[in-house]
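[1] Turn this into a structure:
(2 chains)
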Amino acid sequence: MRRFAVRAVVSLRRSILDVQGKTVEQALQAIGFPMIAQVRIGKYIEMEVEASSAEEARAVGEEACRRLLANPVIEDYRIVEVEPVPAVAVGEPQ
Amino acid sequence: MKFAIVVFPGSNCDWDAYWAVRSALGEDAEFVWHQEEKLPSGTDCVILPGGFSYGDYLRSGAIARFSPVMRAVVRFARAGGFVLGICNGFQILCEAGLLPGAFLRNRSLRFICRTVFIRVEREDTPFTNALTAGTVLRIPIAHGEGNYYVEPQTLRQLHEHGQILFRYCEADGAVTEAANPNGSVDNIAGVLNREGNVCGLMPHPERACEALLGSVDGLGIFRSIRHACSARHAVALVS
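    Sure, this is the predicted structure:
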């Protein structure tokens, strides 16, 4: 078994007004970014997963999103990255 | 009758609910810690109180729904037991799938703590039988994520099955956009499951059970539950 870093992004579904994103979008435009639109704010979640392959690690990450990390009524999720974790224990100096 | 009041780490309206049941209603209440796997024997109604269970981390109610006690609450509800979720309790019931819908940040992005008016939509339910449909209740709200959301299709089903129990309204009962404090779809403040034994609402009836505190309008909901329980006991005795 190896360890993989699995990174997920959870965001409000497109059909739902993201009030927070809208407010940030207005602030960006106010400080000189008129070219920025459609700001949406989500959550970034990083996990370390023990698995035999990257595919398996991704599947575990997706299952975690389905069961807890995202609420399907209002949110979408996607696994944005899966990469092997170097064989150094967490917290040890590299 | 006996109420079981579930206490999660971060619950903060548990004592208010206890006071409402014991002192204002005059019935029995017992706290149940979230690690318990069973409800007290003889429980007639479970209350999931308001607060910030697990710090509202991830999403309101998302982590609390996996607490050991929730398995017992789900079994209790599936067996027909009465369950009342108030504020964070409503959010937990939605996360647990016992009620439809989910919650978004308030439209204003502000935490809102004030007294609002809600209209009773039905009087033939275990939670409103002591009230009259159309009655306007003055009850406080206190939430940052009370913006109730369901998809249009689910909303139609809620209407079809009469599952909308309370709606935010003006003092005279008019349901207007201006009276909607948080952006909830269709001004929904409280809903019922299809079977009619699980209710969730964002306003706090337990904070409106003492004249000294500004309103006794919440008491009608607790009295309704008592009526429903005695009716059920009466049926059990004759059958």
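[2] Please report how far the residue lying closest to B:T135 once chain neighbours are set aside lies from chain A.
    Leaving aside its chain neighbours, B:T135 sits nearest to B:V120 (4.7 Å; criterion: C-beta to C-beta, 6 or more residues apart in numbering or on different chains). C-beta coordinates here come from the backbone N, C-alpha and C atoms, glycine included. For B:V120, the distance to chain A equals 26 Å [C-beta to the nearest C-beta, to the nearest Å].
[3] quick one, what contacts B:V120?
    Applying C-beta atoms under 8 Å, 6 or more residues apart in numbering or on different chains to B:V120 gives the contacts B:T128, B:L131, B:T132, B:A133, B:G134, B:T135, B:V136, B:L137, B:L165, B:F166.
[4] Any quick ChimeraX command for the buried ones out of these?
    Buried members of those, defined by 16 or more other C-beta atoms under 10 Å in any protein chain shown, are picked up in ChimeraX with:
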select /B:128,131,136,137,165,166
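[5] Okay, and which of the contacts of B:V120 map to strands?
    If you go by DSSP state E, those have B:V136, B:L137, B:L165, B:F166 in strands.
[6] Quick check, the last one in contact with B:L192.
    The one in question is B:F166. No - the pair B:F166 / B:L192 is not scored as a contact, 9.6 Å apart, by C-beta atoms under 8 Å.
[7] which SS class is the residue nearest to B:A20 when sequence neighbours are not counted?
    Nearest non-adjacent residue to B:A20, counting by C-beta to C-beta, 6+ apart: B:E206, 3.9 Å away. Assigned by DSSP: H, G, I helix; E, B strand; the rest coil, the conformation of B:E206 is helix.
[8] again, but for A:A59
    Look at A:A59: counting by three-state DSSP, its state is helix.
[9] From chain B, how far off is it?
    Separation of A:A59 from chain B (C-beta to the nearest C-beta): 21 Å.
[10] could you measure that residue against B:L99, distance?
    Distance, A:A59 to B:L99, by C-beta to C-beta, to the nearest Å: 30 Å.
[11] Please identify which of those two sits among more neighbours.
    Between A:A59 and B:L99, counted using other C-beta atoms under 10 Å in any protein chain shown, B:L99 has the larger neighbour count: 26 against 16.
[12] so where do the strands sit in the chain?
    All of this refers to chain A. Assigned by DSSP E, chain A shows strands spanning A:2-12, A:42-51, A:75-84.
[13] nope, chain B please
    Here chain B has its strands, by DSSP E, at B:2-7, B:28-33, B:45-48, B:82-86, B:102-104, B:112-120, B:136-143, B:147-149, B:164-169, B:188-192, B:198-201.
[14] of all these, which lies closest to A:E75?
    Closest of these to A:E75 is strand B:102-104, at 8.3 Å (criterion: C-beta to C-beta).
[15] That closest one - contacts with which helices or strands?
    helix B:88-95, strand B:147-149 (3 or more C-beta pairs under 8 Å, 6 or more residues apart in numbering or on different chains; DSSP states H and E).
[16] deepest of these, which one?
    helix B:88-95 (a mean of 29; mean count of other C-beta atoms under 10 Å in any protein chain shown).
[17] Any residue of that helix touching chain A?
    Yes - Helix B:88-95 reaches chain A (C-beta under 8 Å from any C-beta of the partner chain) through B:C94, B:E95.
[18] tell me what that helix is packed against?
    strand B:45-48, strand B:82-86, strand B:102-104, strand B:198-201.
[19] Take those and write them to JSON lines, including mean pLDDT and mean neighbour count.
    Formatted as JSON lines, these follow (pLDDT from 0 to 100; neighbours: other C-beta atoms under 10 Å in any protein chain shown):
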{"stretch": "strand B:45-48", "mean pLDDT": "98", "mean neighbour count": "28"}
{"stretch": "strand B:82-86", "mean pLDDT": "98", "mean neighbour count": "27"}
{"stretch": "strand B:102-104", "mean pLDDT": "97", "mean neighbour count": "25"}
{"stretch": "strand B:198-201", "mean pLDDT": "98", "mean neighbour count": "28"}
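[20] where does chain B dip in pLDDT?
    Along chain B, the model assigns pLDDT under 70 to residues B:239.
[21] ok, which residues in it are in contact with chain A?
    Going by C-beta under 8 Å from any C-beta, the residues of chain B near chain A are B:58-59, B:62-63, B:66, B:94-95, B:101-102, B:104-105, B:107, B:109, B:149-151, B:183.
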